[in-house]
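*Asks:* mind folding the following:
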Amino acid sequence: MTLLDAQQYDPSQDRRRRIRVISIIVLFAVIGGLTWYYHNWPEERIADQFFQALQEKNYDAAYGIWMHDPDWKQHAAKFTQYPFNDFYRDWGPGGEWGLIKSHRIYGSATPKGGGSGVVVEMIVNERAEHARVWVERSDKTISFSPI
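*Replies:* Got it, this is the predicted structure:
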C-alpha cells in the first residue's frame, strides 16, 4: 500500500473517537468529584447512627456504637476507661445536650496534617453550638473531638 492508496478520511470516525475520549475524561472527573465530596461518608453515617440512637433514648445501643461493639454488655469489663455510667452522665438526659429531639449532620473534616480519624459536626436540637465527635477511621469508634 502506498501513500496514494491510503484510505479515505472519515470525519465521523474521528468525531466518535473524540466524543469517547471526552466522555471518559468527564466520567473520571465526576467520579473524582464524588469521591472527594463523600470521602468522610462512612464516618458521618456512624455519627448519625449514634445520634439517632440517642434521639430514640436507646442509650445501650448508643454506647455500643460509641465503642463499636454492639455486644458490649457481654464483656463490659473491657470498657473500664469510659464505662457506661460515665457515658450516660455525658450523653443522657442530664448531659450537656439534654434530651436530643433532633439532629443533623453539619459537616465533617479531617484535621490539618492528617490524622487517624474525622471530626463530625452535628446540629443538635437546633442549638447554635454544634456537637463535635471524633470518629476513628480504622475501627469506627467514637470519642470526644479534640477540636
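*Asks:* kindly report the domain assignment for this protein.
*Replies:* As assigned by automatic domain parsing, the chain contains the domains 10-37, 41-144.
*Asks:* make JSON lines from these and add mean pLDDT, distance to L4 and mean neighbour count to it.
*Replies:* (C-beta placed from N, C-alpha, C; glycine too.) Compiled in JSON lines, the domains of the chain are given as follows (pLDDT from 0 to 100; distance: least, C-beta to C-beta, whole Å; neighbours: other C-beta atoms under 10 Å):
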{"stretch": "domain 10-37", "mean pLDDT": "93", "distance to L4": "18", "mean neighbour count": "10"}
{"stretch": "domain 41-144", "mean pLDDT": "91", "distance to L4": "60", "mean neighbour count": "15"}
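*Asks:* so what's the closest residue to G117 other than its chain neighbours up against?
*Replies:* Take G117 and drop its neighbours on the chain: the residue closest to it by C-beta to C-beta, 6 or more residues apart in numbering is E136, 4.4 Å away. Going by C-beta atoms under 8 Å, 6 or more residues apart in numbering, E136 touches 116-117, 142-143.
*Asks:* those: which two are farthest apart?
*Replies:* Taking every pair in the contacts of E136 and measuring C-beta to C-beta, the maximum separation is 13.2 Å, between S116 and I142.
*Asks:* quick one, phi psi at Q8?
*Replies:* phi -70, psi 140 (degrees, to the nearest 10).
*Asks:* wait, what's in contact with K140?
*Replies:* With contact set as C-beta under 8 Å, 6+ apart, K140 has these partners: 42-43, 46, 68.
*Asks:* what about it, which SS state?
*Replies:* Secondary structure of K140, reduced to three states by DSSP: H, G, I helix; E, B strand; the rest coil: coil.
*Asks:* quick check: it vs P42, distance?
*Replies:* Taking C-beta to C-beta, to the nearest Å as the criterion, K140 is separated from P42 by 7 Å.
*Asks:* now Y59
*Replies:* 23 Å.
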